[in-house]
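Colleague: next come a sequence and a model predicted from it.
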Amino acid sequence: MNEMTTPQEKLTIKDFTSDQEVRWCPGCGDYAILKCMQRTLPELGATRENTVFVSGIGCSSRFPYYMDTYGFHTIHGRAPAIATGVKLAKPELDVWVITGDGDGLSIGGNHLMHAIRRDVDLNILLFNNQIYGLTKGQYSPTSVVGTKTPSTPQGSVDPTLNPIAFALGSGARFVARTVDTAQKHMPDVFKRAHAFKGASFVEILQNCIVYNDAIWEEITNKKTAPDHQLLLEHGMPMIFGAERNKGIIFNAKSFALEVVTIGENGITEGDILVHDETSLQMARMLGDLGENPSEPAPMGVIYAAEADQSYVDAVRGQMVSEKGKRSLKDIIHGGQTWVVE
Ligand SMILES: Cc1ncc(C[n+]2csc(CCOP(=O)(O)OP(=O)(O)O)c2C)c(N)n1
Ligand code: SF4
């Protein structure tokens, strides 16, 4: 007898689009990221019932409303903590964390650091617009020094926090960068982040057209982008530029990466560094590249290392081995506890 199977219905962008009215300012970079996610999930074979978006507070954190999946719009800076709970309770779910540079790196810096350090299997997307958008444009940890805002009328004096360096310093095993306008590049980065078993950290350069317009202009403008973006590809030489004649070398004297021109000072293509996404040392140097405006910003997968253990499996293993042995009350009262009378 032939078994009848119901063919899996192919989902489309519509299936992941909720009926909620999108309330971002016209022209905000968040729209492009949202569309890209709604378009990419069907390609990943994701289902609505197995997908959760967890966000904190900020314009970017409105994202879960607009996805027709499960979602939590939580409290400021706490999305990583709540997402960790979701993943531990239901490991079969795909858990995406949506956060901003203020939500994830100011009030939530501590929580973000520990979710990354623990390597919880979350896909963390940090929308970096270098400003607090929702609260009307105060400076954030990623604002460049001298940024004039209502909270820094004479210009900010705080040194700028680099999200890639922050993630690597927290022990991240998957770190990538993309930009809101890159409709071809962004899905590939989402797919790699989704496939990674562990905490995948993605910085998305995002334009806030109202409070910090055009901060990524050199990277997004078609004319200037080739000279300001270094598109990384594992195993390929790091060559960039409108004329494809610029490259990255390692300067052993300054112990840093350096931009060179192929054909000048005896530099040939063979001198250009080949990207190795499994090298933490290279990732750390790439993380710093682009801080100087004369250098290109690395885009794509900067670092991807194998996880040495699954945090979720390890914690759930302990939960299983402990089950039925002691009550929660016994555990709480099991140590050095006393009653104050
Ligand atoms: C406990 C608490 N403190 C402060 C705020 C005010 N607040 C809301 S969103 C936000 C910053 C959001 O900035 P960011 O994460 O960069 O998101 P964007 O709006 O730029 O997307 C702040 C400070 C709050 N909601 N809760
Ligand atoms: S304030 Fe900025 S980040 Fe917020 S919705 Fe408007 S353009 Fe987007």
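Modeller: Nice, I can see it. Quick caveat: nothing in here was measured; it's all calculated off a predicted structure. Numbers count the residues shown, from 1 in each chain. Ligands and ions are numbered 1, 2, ... in the order given.
Colleague: alpha carbons only for contacts and neighbour counts from here, please
Modeller: OK.
Colleague: near ligand 2, which residues of this structure show up?
Modeller: Proximity of the chain to ligand 2, by C-alpha under 6 Å from any ligand atom, involves residues 24-25, 28, 59, 133-134, 208-211.
Colleague: again, 8 Å this time
Modeller: 23-30, 58-60, 129, 132-137, 206-212 (C-alpha under 8 Å from any ligand atom).
Colleague: residue nearest the middle of the protein, spatially speaking?
Modeller: Geometric centre of the chain, nearest residue: residue 202, 2.0 Å, by C-alpha atoms, centre = their mean.
Colleague: where is the longest helix in this protein?
Modeller: Longest helix in the chain by number of residues, with DSSP state H as the criterion: helix 30-44.
Colleague: list the buried residues of that one.
Modeller: Neighbour-count burial for helix 30-44 flags 30-42 (criterion: 16 or more other C-alpha atoms under 10 Å).
Colleague: with stretch 138-158 instead?
Modeller: 138-144, 147-149, 156.
Colleague: what about that stretch, distance to the chain center?
Modeller: Distance, stretch centre to chain centre, for stretch 138-158: 23 Å (C-alpha atoms, centre = their mean, to the nearest Å).
Colleague: and stretch 272-289, by the same measure?
Modeller: Stretch 272-289 sits 17 Å away from the centroid of its parent chain (C-alpha atoms, centre = their mean).
Colleague: can you pull out the helices in the protein?
Modeller: Using DSSP H, the helices of the chain run over 30-44, 63-66, 79-89, 101-102, 109-118, 163-169, 185-195, 217-220, 225-228, 280-288, 311-322, 328-332.
Colleague: buried deepest among those helices, which one?
Modeller: Mean neighbour count (mean count of other C-alpha atoms under 10 Å) peaks for helix 101-102 among those, with a mean of 29.
Colleague: so where's the protein uncertain?
Modeller: By pLDDT under 70, the low-scoring segments of the chain are 1-8, 307.
Colleague: ok, residues contacting stretch 213-227?
Modeller: For stretch 213-227, the external contacting residues (C-alpha atoms under 8 Å, 6 or more residues apart in numbering) are 129, 179, 181, 205-208, 228-229, 240-242, 296-297.
Colleague: so of these, which ones are in strands?
Modeller: Using DSSP state E, the subset of the contacts of stretch 213-227 located in strands is 179, 205, 229, 240, 297.
Colleague: out of the residues you listed, who's nearest ligand 1?
Modeller: When the ones in strands among the contacts of stretch 213-227 are compared for distance to ligand 1 (C-alpha to the nearest ligand atom), residue 205 wins out at 11.3 Å.
Colleague: test my guess that that closest one contacts residue 125.
Modeller: No - assessed by C-alpha atoms under 8 Å, residue 205 is found out of contact with residue 125, at 10.3 Å.
Colleague: go ahead and confirm residue 262 touches residue 270.
Modeller: No - counting by C-alpha under 8 Å, residue 262 stays clear of residue 270, with 9.4 Å between them.
Colleague: more crowded one of the two?
Modeller: It is residue 262, of residue 262 and residue 270, that has more neighbours when counted by other C-alpha atoms under 10 Å, with 19 against 9.
Colleague: can you pull the contacts of that one?
Modeller: Residues near residue 262 by C-alpha under 8 Å, 6+ apart: 245-247, 268-269.
Colleague: same thing but 10 Å
Modeller: Going by C-alpha atoms under 10 Å, 6 or more residues apart in numbering, residue 262 touches 239, 244-248, 268-272.
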